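Undergrad: no FASTA, just this:
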């Protein structure tokens, strides 16, 4: 895990997302340990990161894919992930054709009506249910309340119980207490037994340690063992952030250190690369790789013309020199996958660190590529 | 302005951004009317929209460019925009080389130190000052307070007054009252007279009518005439949203109408196409083009696996049929320019409506293109 970030910056420039392969493998094995003794599948939620080189590494560890679009299906297939589960509340006609043609394994139905077009298929069919559990996380990433757009009420299960293979539940993201899970799973295990379902997709949302708090894995193991002691079917878990988040860092170069009432550290990475601080007010640890000055109260901001373009606010950081390197940590999930060309910025590079050496897994976008679809005349 | 959206959807698919050329021209002329009698330049802020076909139309109307990156400089040059002003708080070494090579006209200096490398050049040099005015807009897009990352305090002007040509001020975005402008400009006109500057860049931020409130153009004209009655130099205005915002709509198809305690209209456009509702809690009018049912309380949401993936909440809308079309209005600015591939979604198409016919100005991205920089082996 002694990644040579300076070497990576020299080779591939900045900003660049850097992923630690060994950390990803370690975290997948951690998830396996939670389900030991049960029949289970781990699916990686591609919305967190859809770089096929990263996904292939997961496939080698036996991880399948949780996808929501034709685009994600392509990335999962390219990486050799198996099984593939198709999730989503807005499956279009074109997507349906594409998925049938490409093939997949498990379908999560967002409504009872959706079953109509699939009931002849030999897919494993799960009905997404909405247990009305408050996961007490950020409102944008909480998904299990009745007023949310996903799934159907538990009372609707009976309408299609004889035509489906199991249930799917996902109560939110970045959840750091096991109690909402215990509540949701306890509710669903009754339904499963009642209808003799063979599969339960537990969703994901396991919280990682962005800033001190995270889901306790031992407690999660205990919840699983307690709630599912009498269940002999297959458990599925869908994890994105938990597997990839802590394995990634955004490597960026300091453009300017602007001293004033508050010190601004301006980096070449901005909300175009990492939108989580602006979008969710998310906290990411920031590490000054080559400090030259005493710890000061700083805002770390990007080069974009927008006040919301920040990577971190009110941090006590040892001051870096202009041109030196800085890391925004725990950005392996929902980092690159949410990146944009805002302010005319090409997409960053992605690098995998494996066996003590860096491997470019995504070339930095060029300005030409950014505009390649524009038709001027 | 009778755009045939159904024809556009048939020709180019959905989701697609559609821009009305005549509306853009009209709005540019509206801005001209505010500055009549003064020497002035209108610059378009490319961060709002950097499609060169759209920019070329503006160039035809005499509009120059406000750019913040090498990427935006390329788009502006391609469109033939003149003059070009380079703005920004994080100008990198690579950018500086690129800008010198490509050529530009006006430089906004974000700090006094920045002048060092430029003082020999024949660029028009402006110093961005921070008047410490609260524009009372969304905190993310308010930029003129002392605790913001942009510009220097008014007290610093004297340090470089003999080496610069003028000042630059930008107090924020989507401002609907002229009073913050009057306050900022009244403060700066004194500095201009004191130092005998020839150029003042007034910034932009003129608020458009997303939901009833907008900047009053007549009042703005009155502010300009009053504050600058004794100033014979050049005024510059930088506008993005004001020119392009109301000229664009996001055309999307309804994937599903999901009735429950609340009705969810699921569209094929999501926060990947338009992030403003999720990022700023922004309001955009939504128009159901082919209503088939009575007005109901609806959330209009995208197909992404995220609760924040919404286009509008709690709207009374006449219900559309599945497969029919819907418009998210006033999305010509900060729509496409902030779009991402989140959830594996290719970037949408862009179409210009001019002389009663549609012209594709950006092809829809393909899945292949989305992954073209991934290196798998």
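TA: All right, it came through fine. Remember, predicted model here, so these are calculated numbers, not experimental data.
Undergrad: Domains of chain A: list them as residue ranges, please.
TA: Using automatic domain parsing, the domain parsing of chain A gives A:5-17+A:246-365, A:21-244.
Undergrad: Tabulate those domains in a markdown table, adding columns for mean pLDDT and mean neighbour count.
TA: Where you see a C-beta, it was placed from the backbone N, CA and C, and this is true even at glycine. Below are the domains of chain A laid out as a markdown table (pLDDT from 0 to 100; neighbours: other C-beta atoms under 10 Å in any protein chain shown):
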| stretch | mean pLDDT | mean neighbour count |
| --- | --- | --- |
| domain A:5-17+A:246-365 | 96 | 21 |
| domain A:21-244 | 92 | 20 |
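Undergrad: Just put those in CSV and tack on distance to chain B.
TA: Converted to CSV, the domains of chain A look like this (distance: least, C-beta to the nearest C-beta, whole Å):
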stretch, distance to chain B
domain A:5-17+A:246-365, 2
domain A:21-244, 2
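Undergrad: export these to TSV and tack on distance to residue B:11?
TA: Compiled in TSV, the domains of chain A are given as follows (distance: least, C-beta to C-beta, whole Å):
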stretch	distance to residue B:11
domain A:5-17+A:246-365	25
domain A:21-244	16
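Undergrad: Which helix or strand contains the nearest residue to residue A:131 once chain neighbours are set aside?
TA: Of all residues not flanking residue A:131 in the chain, residue A:184 sits nearest, at 4.5 Å (C-beta to C-beta, 6 or more residues apart in numbering or on different chains). Following DSSP states H and E, one finds residue A:184 within helix A:179-195.
Undergrad: just so I know, which of the domains of chain A lies nearest residue B:114?
TA: Nearest to residue B:114 among these is domain A:5-17+A:246-365; the distance by C-beta to C-beta comes to 8.4 Å.
Undergrad: That closest one: how far from the chain's middle?
TA: How far domain A:5-17+A:246-365 lies from its chain's middle: 19 Å, per C-alpha atoms, centre = their mean, to the nearest Å.
Undergrad: Pull up the distance across that domain, start to finish.
TA: 20 Å (C-alpha to C-alpha, to the nearest Å).
Undergrad: List the contacts of the most centrally placed residue in chain A.
TA: Centroid check for chain A by C-alpha atoms, centre = their mean gives residue A:48 as the closest residue, at 2.6 Å. Listed by C-beta atoms under 8 Å, 6 or more residues apart in numbering or on different chains, the contact set of residue A:48 reads A:240-241, A:243-245, A:332-334, A:337.
Undergrad: and what of residue A:342?
TA: A:270-272, A:304, B:47, B:337-338.
Undergrad: how about the strands in the stretch 201-350 of chain A?
TA: For the stretch 201-350 of chain A, the strands defined by DSSP state E, counting those that start in this stretch occupy A:234-239, A:248-258, A:263-267, A:286-288, A:291-301, A:310-320, A:325-329, A:349-354.
Undergrad: Report how many residues lie close to residue A:369.
TA: 16 (other C-beta atoms under 10 Å in any protein chain shown).
Undergrad: My reading is that it lies in a helix. Confirm?
TA: Yes. Applying DSSP: H, G, I helix; E, B strand; the rest coil, one finds residue A:369 inside a helix.
Undergrad: what's the spacing between it and residue A:94?
TA: 25 Å (C-beta to C-beta, to the nearest Å).
Undergrad: Ok, residue A:85 next?
TA: Counting by C-beta to C-beta, the gap from residue A:85 to residue A:94 is 19 Å.
Undergrad: Please apply the same query to residue A:239.
TA: According to C-beta to C-beta, residue A:239 stands 28 Å off from residue A:94.
Undergrad: Repeat that for residue A:252.
TA: 37 Å.
Undergrad: now do residue A:224
TA: The gap separating residue A:224 from residue A:94 is 38 Å, by C-beta to C-beta.
Undergrad: Likewise for residue A:264?
TA: Separation of residue A:264 from residue A:94 (C-beta to C-beta): 46 Å.
Undergrad: And for residue A:180?
TA: 35 Å.
Undergrad: In this structure residue A:263 contacts residue A:298, no?
TA: Yes. Counting by C-beta atoms under 8 Å, residue A:263 touches residue A:298, with 4.7 Å between them.
Undergrad: Quickly list what's touching both of those two.
TA: Residues touching both residue A:263 and residue A:298 (C-beta under 8 Å, 6+ apart) are residue A:319.
Undergrad: All the helices of the stretch 101-250 of chain A, residue numbers only.
TA: Here the stretch 101-250 of chain A has its helices, by DSSP state H, counting those that start in this stretch, at A:179-195, A:217-227, A:241-244.
Undergrad: Mind putting those helices into TSV with distance to residue B:37?
TA: Output for the helices of the stretch 101-250 of chain A, formatted as TSV (distance: least, C-beta to C-beta, whole Å):
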stretch	distance to residue B:37
helix A:179-195	64
helix A:217-227	70
helix A:241-244	57
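Undergrad: For residue B:101, which of those is the nearest?
TA: Residue B:101 lies closest, by C-beta to C-beta, to one member of those: helix A:241-244, at 38.7 Å.
Undergrad: Check which helices and strands the closest one sits against.
TA: Counting contacts by 3 or more C-beta pairs under 8 Å, 6 or more residues apart in numbering or on different chains; DSSP states H and E, helix A:241-244 packs against helix A:21-35, strand A:39-45.
Undergrad: CSV for those, including distance to residue B:78?
TA: Shown next, in CSV, are those (distance: least, C-beta to C-beta, whole Å):
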stretch, distance to residue B:78
helix A:21-35, 40
strand A:39-45, 38
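Undergrad: Show the contacting residues for residue A:32.
TA: With contact set as C-beta under 8 Å, 6+ apart, residue A:32 has these partners: A:40, A:42.
Undergrad: how far does stretch A:163-178 sit from the chain's center?
TA: Distance of stretch A:163-178 from its chain centroid, counting by C-alpha atoms, centre = their mean, is 15 Å.
Undergrad: likewise stretch A:181-199?
TA: 25 Å.
Undergrad: got the end-to-end distance for stretch A:328-342?
TA: Stretch A:328-342 has an end-to-end distance of 19 Å (C-alpha to C-alpha).
Undergrad: ok, now stretch A:268-283?
TA: One end of stretch A:268-283 to the other measures 19 Å (C-alpha to C-alpha).
Undergrad: now the one helix or strand residue A:94 maps to, how far from the centre of its chain.
TA: Assigned by DSSP H and E, residue A:94 falls within helix A:93-102. Relative to its parent chain, helix A:93-102 has a centroid offset of 24 Å by C-alpha atoms, centre = their mean.
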